[in-house]
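Trainee: Test case, fold it:
(chains A, B, C and D)
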2 protein chains.
Amino acid sequence: MARYPGISLSVTRRMPRYYRFLAELMANGVERISSREFAELTGLTASQIRQDLNCFGGFGQQGYGYNVAALHTEIGRILSLDKRLPTILIGAGNLGLAVGNHMKFDEQGFQLIGIFDSNPQVVGQEIQGIRVRSINEIQSFCLENRPVIAILCIPRSAAAELSGDLVGWGVKGFWNFSHYDLSVAHGDQIVVENVHLGDSLMTLSFRVNELIDQ
Amino acid sequence: MARYPGISLSVTRRMPRYYRFLAELMANGVERISSREFAELTGLTASQIRQDLNCFGGFGQQGYGYNVAALHTEIGRILSLDKRLPTILIGAGNLGLAVGNHMKFDEQGFQLIGIFDSNPQVVGQEIQGIRVRSINEIQSFCLENRPVIAILCIPRSAAAELSGDLVGWGVKGFWNFSHYDLSVAHGDQIVVENVHLGDSLMTLSFRVNELIDQ
DNA sequence: TAGATTGTTAATCGATTAACAATC
DNA sequence: TAGATTGTTAATCGATTAACAATC
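Mentor: Purely as a prediction, here's the structure:
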């Protein structure tokens, strides 16, 4: 059974945001904060913050507010950031490299254990101390090392071909930078976080054009 | 006045998705599609698709459905992808480089006209034929070239410092990869598309842990 | 004309906001 | 105790889904 059944995706998506602002508050030496102050800081409403947090437990204290450090720790635990889910990165092009080098996987619940690419010029190079393997080795690697997470920094067609296999080899979560819509294909056996940069950019185009066409 | 007043953000965010699937359908030689078929393909409901599209106009035909190519063109026009909003990229580290090299700005409504970094080792290098300028030149560049969009691939602190200036120099839209929450600071004078990769990763952590903790 | 499918209104559902009693 | 602020319930709002008349 899930630890927190019935948590909506809207609530889930706000938790990392809270976590981020709490870290900032800690860095600034703030010890306690009320939902009203926190709302002002984050641009949300106090009601929403209290209700969101209460999905997971009563972390505040009436008349006082929330202890910043304690709440930060709680949310980290809720998000399972102390776990080390074995993770592979597929595609070591521009984007794969940036993601591999830029993210702090160990602080966010993941451990990068393998990197794969189809380009022979890239295979053998090291990223963060991990040697890039040929995509041909991916099956044996997965069967042996049982990654739970796959990060897809590959083109649409490659993602479409590979994703079924990955699911078959036991991958449960995808961080998907490809244009392939995994969730449509694999339903709710798996969890997919899409980062559709192109969609985001087109959304920006629409919204800015709405703003400036006055 | 905005061209399409009252369009919700939820609807806006689905438009690029439709655009993407329509391009795919065109590539596969599909000429027409009903809302029911399109719903199955995209994982949405037929009702939602019809209602979304009708926010912008009646693009379908009773008894027939939607012409794929025509609808694709319409959505491209709605999203203003044929515009060339002058755009600068700030931060040419791992992530900035990947974004600069990976995205097809010209197909999505933008024209990259300047790249800036504070690292002297990076300044002078070329990315997509554009010379990386020193961050010290950014004010004069902005006053002269009037970029409308800024892509922020810089740390939180740098974003906090710079964003006010950029708004002052006329930047209206931000594609924000930094951890700084621009929208909180600058309200609705500007449009911000956040790409909080860390938040996305933490959300994945939570969701996968919920899935596997059975 | 008959069948199909849209455009659009009405019903439902879920998420956000407001209110306030509980309590530190 | 009095003031502050949470936890939680009720009210509102918006988004999604269902239904169906219009029409190609």
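Trainee: drop to CA atoms for contacts and neighbour counts, all remaining ones
Mentor: Noted.
Trainee: Spell out which residues of chain A are next to DNA strand C.
Mentor: Listed as neighbours of DNA strand C in chain A under the rule CA under 7 Å from any atom of the strand: A:8-11, A:44-45, A:47-48, A:51, A:61-64.
Trainee: Give me the domain ranges for chain A.
Mentor: A:9-77, A:85-199 (automatic domain parsing).
Trainee: could those domains be laid out in TSV, adding mean neighbour count and mean pLDDT?
Mentor: TSV is the format used below for the domains of chain A (neighbours: other CA atoms under 10 Å in any protein chain shown; pLDDT from 0 to 100):
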stretch	mean neighbour count	mean pLDDT
domain A:9-77	16	98
domain A:85-199	18	96
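Trainee: Of these, which is nearest B:Asn136?
Mentor: domain A:85-199 (24.6 Å; CA to CA).
Trainee: Following the chain past the longest strand anywhere in chain A, name the next helix or strand.
Mentor: If you go by DSSP state E, chain A has its longest strand at strand A:110-117. For strand A:110-117, the following helix or strand on the C-terminal side (DSSP states H and E) is strand A:126-127.
Trainee: still on that earlier bit, now, among the residues of chain A next to DNA strand C, which is nearest to A:Glu193?
Mentor: Nearest to A:Glu193 among the residues of chain A next to DNA strand C, with distances taken as CA to CA, is A:Leu9, at 11.3 Å.
Trainee: residues contacting that closest one?
Mentor: Contacts for A:Leu9 (CA atoms under 8 Å, 6 or more residues apart in numbering or on different chains) come out as none.
Trainee: how far away is it from B:Gln189?
Mentor: 29 Å (CA to CA, to the nearest Å).
Trainee: Could you do A:Asp165 as well?
Mentor: 47 Å.
Trainee: Likewise for A:Leu81?
Mentor: A:Leu81 is 36 Å from B:Gln189, by CA to CA.
Trainee: so where do the helices sit in chain A?
Mentor: Assigned by DSSP state H, the helices in chain A fall at A:9-27, A:35-42, A:46-54, A:68-78, A:94-102, A:138-145, A:156-168, A:182-186, A:197-212.
Trainee: what's the closest of the residues of chain A next to DNA strand C to B:Glu24?
Mentor: A:Leu9 (27.9 Å).
Trainee: ok, A:Gly198 touching B:Phe105?
Mentor: No. The pair A:Gly198 / B:Phe105 is not scored as a contact, 9.1 Å apart, by CA atoms under 8 Å.
Trainee: hang on, the earlier thing: give me the sheet partners of the longest strand of chain A and which way each runs.
Mentor: Strand pairing for strand A:110-117, using DSSP bridges, gives strand A:85-90 (parallel), strand A:130-134 (parallel).
Trainee: Residue numbers of chain A in contact with DNA strand D?
Mentor: Counting by CA under 7 Å from any atom of the strand, chain A sits next to DNA strand D at A:33-36, A:46-47, A:50-51, A:53-54, A:57-66.
Trainee: can you rerun that using 6 Å?
Mentor: A:34-36, A:47, A:50-51, A:54, A:58-66 (CA under 6 Å from any atom of the strand).
Trainee: Contact partners for A:Leu211?
Mentor: B:2, B:190-191.
Trainee: Tell me how far A:Asn67 lies from A:Ser35.
Mentor: A:Asn67 is 11 Å from A:Ser35, by CA to CA.
Trainee: Kindly apply the preceding question to A:Leu81 instead.
Mentor: Distance from A:Leu81 to A:Ser35, by CA to CA: 24 Å.
Trainee: and which of the residues of chain A next to DNA strand D is nearest to B:Glu210?
Mentor: Proximity of those to B:Glu210 (CA to CA) peaks at A:Asn54, which lies at 17.7 Å.
Trainee: what about A:Asp213, neighbour count?
Mentor: 9 (other CA atoms under 10 Å in any protein chain shown).
Trainee: How about it: what's its closest non-neighbour residue?
Mentor: B:Ala2 (5.5 Å; CA to CA, 6 or more residues apart in numbering or on different chains).
Trainee: Stretch A:63-82 vs chain B: in contact?
Mentor: Yes. Legend: contact between stretch A:63-82 and chain B by CA under 8 Å from any CA of the partner chain is shown at A:78-81.
Trainee: for those, which one is nearest chain B?
Mentor: A:Leu79 (4.5 Å; CA to the nearest CA).
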